[in-house]
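model this:
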Amino acid sequence: MSDSLIARALSLWRKLSNSRRVAAVITLIYLLAAGAEAAGLRVRAMGLLEFFFSWALFIWFLWFVSWFRRRMLWSLRNRLLVAYVFIAVVPILLLLALASISAYILYAQLGSYVLSAEIHRTLEQMGTLAEAEAAFPGATVVAGRGAGPIPAHVPSAARMALNIPGLEIRQDEGSNLLPAAKDVADRRFEGLVQQGDKLWLRAVAVRGMGSEKHVVMVSAPVTPEFLDRLPLELGRIRCEIFQPEHADEKGKSPISFTVGPGSNKRVYVHDRGISSQRRELPPPAYWLDMEVTGFSNFEAVSQGSDSKPGEKIPVVAAFSARPSRLNRVLFASLGDLSSLPFVLLMVAGGLFLLIEAGALVTGAVLTRTMTRSVSELYSATQRVKAGDLSYRIRNVRNDQLGALAGSFNEMIVSVARAIEEQRQRERLESEIAIAREVQDQLFPRTVPRIPGLHLVASCRAARMVSGDYYDFITLGDAELAFIVADIAGKGISAALLMASLQASLRSQLLDEQRIGSTAEVIARLNRHLITTTPDDRFATLFFAIYNCHTRVLRYTNAGHLPPLYFSSAGVSRLDVGGTIVGMFHDCLFEQGVVTLEPGSLLAVYTDGLSEPENPYGEQFGRQRITEVIERNRGQRPEAILDALVAAVEQWASTPEQSDDMTILLASAIGSASEPSPGTSGPP
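You can find the predicted model right below:
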């Protein structure tokens, strides 16, 4: 078991890149160091190890991303799911988060506005009351509930202030809160005042100047009772009171913050809080009517002994509310229709979510359809890869993926047909290769040596099996028969006719009593082919018998291209003979006779040499054959044969032959007793 684990670890180690190997070593060292520290041991340079470990974590993160892309995103289904998540789900979540944050900010600010507006409204009522008292000195109103009739000099805008719990009206106090402008006869102060650990709402008004100046201060403490009477749109309310930090209190308070820039900043610590007692958050009106917690920041003028005159101290009021109650304030101008905008907003949001849900379901269904089709195609390719060409995709849908599946099925049918055709072609090529081997045996392997005549021959097949034929047959000690034939057609059928022609010819020439003239041999060969081959099979041939003692060449040309005889008298054509063999009954053939003088040359060829065309459609022709031979007359027949083949290939400008090409050259040498260095080209 341990050996297997070690082998797996080594295999995994070899697969890691250099950077990951370094990351693995750093991770191992860091884990060992962390374990040692957890055991109570002190590890030096732990900070440096943590730095390198963070780098190792980054390398592992990159490796995980790469692995995730290779493994998890290999499947089209996973890719589409990830795409849908980033295209549809993530934007929806971001929109919902943005809407939630925006709604929270809106309602938190709206609640802060409601609380702040109520505080300022109360201070304005108290200020109006203070101005009324300052305008009518001596007519002091008794504060508090049940104080009796309200005097007529108290304006209606200030009468609500008389119901504030703990309201006090004091004469000739609060001058230190008034603005410092001395040229203003009527001055007024409205705001929060922090005195010790208490928080007050105070309004100060003054009338007159000098000895006629009359100052009135209206005060109300911020108490739980006061917080309970604030607007019903809000739930629980709590005011947090702060004090300037003393030197002996540093670090003692759990809540502290700094106010003011630069050298003017000062640290404040939490002193206490004032909470409402009877305020309760109403139940939600609907499922999205969630509790909203907000804050409102105020500034109170400090009148403590340890504060600077007129110093501002922060006061934070926290509250809870529900959107349904705050909507009444937001849409108060609509009256009974105040809930209509919110209902319309909710309906629009619901429709949006419904449409998105439908789009998500539609996307999931389409994804499932696509991935199922792709999965079926992948499974089909694996089956075909394994060699099962009979497999077909059954669930062909009426869409593009279904058309793709149908095309795949058609492709497999075509592939199976092509493979079968390839197999048949391979069998046919194998049979043709065998026929080629058999045909190679029909061609002479060497050219017989005969005194006074230098022979060379070559057959270049256009296909694997040639329809041209040449042969040499020795007749006694002094004569040599040779033949060049062009079988109609190409391929196997031409090769079979060539084999029949060779068999018939050799059977006649082996019987010396039946040889006679060349015309008689061709006539008998014609009758044999007519009776043994189909009507559409025929051949052209040039058959000759050469006597080395007399240098006489007897020949019969049966419809073949006339051979060219180059002598001192010029170029002549050997065209004596008759028509093609294997086509017509009772044909008459003639025998021609020519004496080969020393230095002369006989060229016998098939139409594969004369009929190749250049790109302009012009054939090579007999004239160019004559010119090539004339230019090379001083060379050996082998060189002349190579020159002819090269000239034809250059003329045709293509390595492929359109027809079989057979060339036989016979060069008469000086003495009839001189042996011929006969040779033949590769068939």
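
for the helix or strand Cys459 falls within, which helices and strands make contact with it?
Per DSSP states H and E, Cys459 falls inside strand 453-460. Applying 3 or more C-beta pairs under 8 Å, 6 or more residues apart in numbering; DSSP states H and E, one finds that strand 453-460 contacts strand 468-475, helix 637-652, strand 661-668. Every C-beta, even on glycine, is put in place using the N, C-alpha and C of the backbone.

of all the ones you listed, which one is nearest Arg42?
helix 637-652 (90.7 Å; C-beta to C-beta).

and the angle from the closest one to strand 453-460?
30 degrees (axes from the mean of the first three to the mean of the last three C-alpha atoms, to 10 degrees).

does the residue nearest to Ser572 when sequence neighbours are not counted count as helix, strand or coil?
In this structure, Ser572 finds its nearest non-sequential neighbour in Tyr565, 4.9 Å apart by C-beta to C-beta, 6 or more residues apart in numbering. Recorded secondary structure, Tyr565: strand (DSSP: H, G, I helix; E, B strand; the rest coil).

so what's Arg394 up against?
Residues in contact with Arg394 (C-beta atoms under 8 Å, 6 or more residues apart in numbering): none are found.

i'd like the first residue to be 364 from this point on
Got it, the first residue is 364 from now on, which makes the last one we talked about Arg757.

hmm, back to that, for the helices and strands packed on strand 816-823, which one sits closest to Ser367?
helix 1000-1015 (67.2 Å).

quick one: contacts of that closest one?
Taking C-beta under 8 Å, 6+ apart as the rule, helix 1000-1015 contacts 817-819, 821, 823, 964, 968, 972, 975-977, 983, 987-988, 991-992, 994-996, 998, 1018, 1021, 1024, 1026, 1028-1030, 1042, 1044.

and it, what's buried?
Neighbour-count burial for helix 1000-1015 flags Pro1000, Glu1001, Ile1003, Leu1004, Asp1005, Leu1007, Val1008, Ala1010, Val1011, Trp1014, Ala1015 (criterion: 16 or more other C-beta atoms under 10 Å).

which one of the residues you listed is nearest to Ala781?
For these, the nearest to Ala781 is Ala1015 (31.8 Å; C-beta to C-beta).

look up how far Glu993 lies from the closest one.
The spacing between Ala1015 and Glu993, counted by C-beta to C-beta, to the nearest Å, is 21 Å.

again with Ser429
Distance, Ser429 to Glu993, by C-beta to C-beta: 76 Å.

how about Ile813?
Taking C-beta to C-beta, one finds Ile813 at 25 Å from Glu993.

when those two are compared, which one has more neighbours?
Neighbour totals were compared for Ile813 and Glu993, and Ile813 leads with 23 against 11 (other C-beta atoms under 10 Å).

nearest spatial neighbour of Ala907, skipping sequence neighbours?
Nearest to Ala907 is Tyr918, by C-beta to C-beta, 6+ apart, at 3.8 Å.

show me the contacts for that neighbour.
Thr881, Phe905, Phe906, Ala907, Ile908, Leu937, Val939, Gly940, Gln954, Gly955, Val956, Val957.

so what pLDDT did it get?
Model confidence at Tyr918, given as pLDDT, is 95.

that one belongs to a strand?
Yes: Tyr918: assigned to a strand according to three-state DSSP.

any stretches of the stretch 414-563 of the chain with poor pLDDT?
Applying pLDDT under 70 to the stretch 414-563 of the chain picks out residues 435-440, 500-517, 519-522, 543-549.

what residues go with each domain of this structure?
By the assignment in automatic domain parsing, the chain contains the domains 365-435, 458-508+520-693, 696-803, 806-1031.

comparing these, which comes out most buried?
Mean neighbour counts were taken over those using mean count of other C-beta atoms under 10 Å, and the top value, a mean of 18, falls to domain 806-1031.

quick one: end-to-end distance for it.
End-to-end distance of domain 806-1031: 23 Å, with C-alpha to C-alpha, to the nearest Å as the criterion.

check which helix or strand Thr894 maps to.
Per DSSP H and E: Thr894 is located in helix 881-895.

continuing past that helix, what's the next helix or strand?
Defined by DSSP H and E, the subsequent element after helix 881-895 is strand 902-910.

now that following strand against strand 831-838, angle please.
Going by the same axes, to 10 degrees, strand 902-910 makes 30 degrees with strand 831-838.

how far does strand 902-910 sit from its chain's centre?
Centroid separation for strand 902-910 versus its chain: 72 Å, with C-alpha atoms, centre = their mean, to the nearest Å.

repeat for stretch 488-498
78 Å.

before we move on, what about stretch 653-667?
Chain-centre distance of stretch 653-667: 57 Å, with C-alpha atoms, centre = their mean.

rounded mean pLDDT for that stretch, please.
Average pLDDT, stretch 653-667: 86.

by mean pLDDT, flag the weakest helix or strand of this structure.
strand 619-622 (a mean of 56; mean pLDDT, DSSP states H and E).

parallel or antiparallel, list what pairs with the next helix or strand after that strand.
Next along the chain after strand 619-622, taking DSSP H and E as the criterion, comes strand 629-638. Sheet pairing of strand 629-638 (DSSP bridges) gives strand 597-607 (antiparallel), strand 619-622 (antiparallel).

between these, which gets nearest to Val776?
Across these, closest to Val776 is strand 597-607 (C-beta to C-beta), at 76.0 Å.

C-alpha coordinates for that closest one, CSV please?
Presented in CSV, the C-alpha positions along strand 597-607 are these (Å, rounded to 0.1, in the frame of the first residue of the first chain):
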residue,chain,number,x,y,z
LEU,A,597,-40.9,55.2,13.1
GLY,A,598,-40.4,52.2,15.4
ARG,A,599,-38.0,52.1,18.3
ILE,A,600,-35.8,55.2,18.7
ARG,A,601,-32.6,55.6,20.6
CYS,A,602,-30.3,58.6,21.1
GLU,A,603,-26.7,58.0,21.8
ILE,A,604,-25.0,60.8,23.8
PHE,A,605,-21.2,61.4,23.6
GLN,A,606,-18.8,63.3,25.8
PRO,A,607,-15.4,64.8,25.1
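
chain center to that strand, what's the gap?
Strand 597-607 has its average C-alpha position 59 Å from the chain's average C-alpha position, going by C-alpha atoms, centre = their mean.

what do you get for stretch 824-832?
So, by C-alpha atoms, centre = their mean, the centroid of stretch 824-832 is 53 Å from its chain's centroid.

again with stretch 884-894
For stretch 884-894 - counting by C-alpha atoms, centre = their mean - the centre lies 73 Å from the chain centre.

ditto for stretch 987-998
The answer for stretch 987-998 is 66 Å, by C-alpha atoms, centre = their mean.

so Glu1019, which state does it fall into?
coil.

ah, wrong one, I meant Asp652
With three-state DSSP as the basis, Asp652 sits in coil.

repeat for Asp849
strand.

isn't it up against His923?
Yes: contact status for Asp849 versus His923: in contact at 6.7 Å, counting by C-beta atoms under 8 Å.

quick one: residues contacting Asp938.
Shown in contact with Asp938 (C-beta under 8 Å, 6+ apart): Asn920, Pro925, Gly955.

now, which of these sits nearest Glu536?
Nearest to Glu536 among these: Pro925, at 149.9 Å, using C-beta to C-beta.

correct me, but that closest one touches Arg936?
Yes: between Pro925 and Arg936 there is a contact at 3.8 Å, judged by C-beta under 8 Å.

helices or strands up against the helix or strand hosting Leu717?
Here Leu717 sits within helix 703-748, counting by DSSP H and E. Judged by 3+ C-beta pairs under 8 Å, 6+ apart, helix 703-748 is in contact with helix 439-447, helix 686-693, helix 763-805.

out of the helices and strands packed on strand 816-823, nearest to Ala722?
helix 1000-1015 (67.7 Å).

angle of the closest one against strand 1024-1031?
Interaxial angle, helix 1000-1015 versus strand 1024-1031 (the same axes, to 10 degrees): 150 degrees.

and helix 1000-1015, average pLDDT?
Mean predicted lDDT for helix 1000-1015 stands at 91.
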